[in-house]
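>>> Sharing a sequence plus its predicted fold:
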Amino acid sequence: FDIAGSDLQFTIDWTTGAHTGGATPVTAQGPGAGELARVQDNTHVFDVVLNAMRGRR
């Protein structure tokens, strides 16, 4: 997917087709990547990706 206001893109990749209660690592590169560099609620990941798509940090 393109990141608004830039020539950058992001990729989403799934490692399983099932849901588990286990912690899942998230990695990121580029503007705003620091927002994902910690343990967080899974809904925060949605907010970070949505903001990246809208060109916000």
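In hand now; what should we look at?
>>> mind listing the helices in this structure by residue range?
Along the chain, counting by DSSP state H, helices occupy 42-53.
>>> Spatially central residue for it, please.
Centroid-nearest residue in the chain, with CA atoms, centre = their mean: residue 49, separated by 4.6 Å.
>>> Roughly how far does that residue sit from residue 17?
Distance from residue 49 to residue 17, counting by CB to CB, to the nearest Å: 20 Å. From N, CA and C alone the C-beta is placed, and that goes for glycine too.
>>> ok, now residue 56?
31 Å.
>>> and what of residue 46?
To residue 17, residue 46 is 19 Å away according to CB to CB.
>>> So for those two, which sits in the more crowded spot?
Neighbour count, other CB atoms under 10 Å: between residue 46 and residue 17, residue 46 has more, with 10 against 5.
>>> Please verify my assumption that residue 8 contacts residue 30.
Yes. Counting by CB atoms under 8 Å, residue 8 does reach residue 30; the two are 5.6 Å apart.
>>> Could you tell me which ranges of the chain sit under the pLDDT cut-off?
Applying pLDDT under 70 to the chain flags residues 20-21, 57.
>>> run the last query once more with 90
1-6, 8-57 (pLDDT under 90).
>>> what about the strands in it?
Secondary structure of the chain (DSSP state E): no strands present.
>>> on that earlier part again, so who does the residue nearest to the centre of the chain touch?
10, 12 (CB atoms under 8 Å, 6 or more residues apart in numbering).
>>> how close does it get to residue 43?
Where residue 43 is concerned, residue 49 sits at a distance of 11 Å (CB to CB).
>>> Check residue 31 too.
21 Å.
>>> buried residues in stretch 18-34?
26, 28, 31, 32 (16 or more other CB atoms under 10 Å).
>>> Between the two ends of it, what distance do you get?
27 Å (CA to CA, to the nearest Å).
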